[in-house]
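> my questions are about this predicted structure, shown below with the sequence.
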Amino acid sequence: YISSGLSEFFISKECFPRFVNFVTDQLVTQLEQASLTGKERLQLTAESYEVTLDRIHSLGIDDATIEIVQGNIKSMQSSLKEGTTLSDFLQLLRANQLSYLYAHSYLTCLLLHAIVDSFPWKSNQVKDKLTYLAYFHDISLREDHLVKINSNQIADVHEFKKGERDRVLNHALTSSQIVDRFMEVPLGVALLIKEHHGTKSGVGFPETLNLAISPISMMFVVVEHFVGNFLELQGDANKEQLVDIFEKMKPL
């Protein structure tokens, strides 16, 4: 469509579900291809993630939503096993070919998989949980500017539209309730999502780390903070910028 000169594309409200279902079917078929290169898989999975968000927020959770989520997760897991995963990710990120929401989830997952290998409780089951946790933790939010809010300090100075502040403060709880409706999600992931900002209730942002949350949730809080700061950097990150991020994170 773009190459043929199309500049506007209108879908009537009554046709929207049919169109999204068509796109979903096409993406699921492409995700199942074994011949995709690392970059192609990353880009396709990112596009599928956006369609998943559209489906959940516009059409709800139906069989097609569940199907694309399963295909998306499997593709994400395959991508994480590629030898050039980080390099491919950074190249696509620099080229602005990944949405912020997917880049945030994917890089968080990539780092968690690498870090968990240093812990005695590492296992394939734990990595599966981390993948679902990274994929679903902000699924109740669609806007980049809302996903970037991870503290009371940021929330207090942010200019919210009507209802946005409550959505942000409750998003961990809401996301955990959404993931509970997917039968294939590993046991315990909903609880980890609820805790992913450091509270047992899934509401708000604590001033200090709550020692009552699980070790996986503690690890996630720190990694997600790093990823949020990293994605704000302009251009290639240098050593000084990374050190500055770590200094900012010391209170965690």
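That came in fine, so what should we check first?

> which SS class is Thr24?
helix (DSSP: H, G, I helix; E, B strand; the rest coil).

> then Glu47?
Classification of Glu47 by three-state DSSP places it in helix.

> could you shift the numbering so residue one becomes 42, and keep it that way?
Done: numbering now begins at 42, and the last item shifts to Glu88.

> show me what contacts it?
Leu68 (Cβ atoms under 8 Å, 6 or more residues apart in numbering). Yep, even glycine has a C-beta here, placed from its N, CA and C like the rest.

> what about it, distance to Val284?
The span separating Glu88 from Val284 equals 34 Å under the rule Cβ to Cβ, to the nearest Å.

> can you check Gln138 too?
Distance from Gln138 to Val284, counting by Cβ to Cβ: 28 Å.

> more neighbours, the two?
Taking other Cβ atoms under 10 Å, Gln138 and Val284 do not tie; Gln138 has more neighbours (14 against 10).

> am I right that Leu250 is in contact with Gly239?
Yes - with contacts counted by Cβ atoms under 8 Å, Leu250 reaches Gly239, the gap being 5.7 Å.

> compare neighbour counts for these two and give me the winner.
Of the pair Leu250 and Gly239, Gly239 is the one with more neighbours under other Cβ under 10 Å, namely 23 against 14.

> now that one: phi and psi?
phi 100, psi 10 (degrees, to the nearest 10).

> okay, it: pLDDT?
At Gly239, the pLDDT value in this model is 91.

> quick check: closest non-adjacent residue to it.
Among residues not flanking Gly239 along the chain, Pro247 sits closest, at 4.6 Å (Cβ to Cβ, 6 or more residues apart in numbering).

> quickly find the element holding the one you found.
Using DSSP states H and E, no element contains Pro247; it sits outside every helix and strand.

> again with Val284
Using DSSP H and E, Val284 maps to helix 280-290.

> so for that helix, mean pLDDT?
86.

> quick one on the thing from earlier: neighbours of the residue nearest to Gly239, how many?
14.

> what do Leu250 and Gly239 both touch?
Here Leu250 and Gly239 have Met259, Val262 as joint contacts, going by Cβ under 8 Å, 6+ apart.

> can you pull out the helices in the stretch 192-293 of the chain?
193-198, 205-210, 212-220, 230-235, 256-271, 280-290 (DSSP state H, counting those that start in this stretch).

> just name the most buried of these.
A comparison of those by mean neighbour count, using mean count of other Cβ atoms under 10 Å, puts helix 230-235 on top with a mean of 24.

> can you list the helices and strands that that one packs against?
helix 165-177, helix 212-220, helix 256-271 (3 or more Cβ pairs under 8 Å, 6 or more residues apart in numbering; DSSP states H and E).

> so which of those is nearest Tyr147?
helix 165-177 (7.4 Å; Cβ to Cβ).

> low-confidence stretches in this protein?
Scanning the chain for pLDDT under 70 picks out the ranges 293.

> centroid-nearest residue for it?
The chain has Ser146 as the residue nearest its centroid, 2.8 Å off, counting by Cα atoms, centre = their mean.
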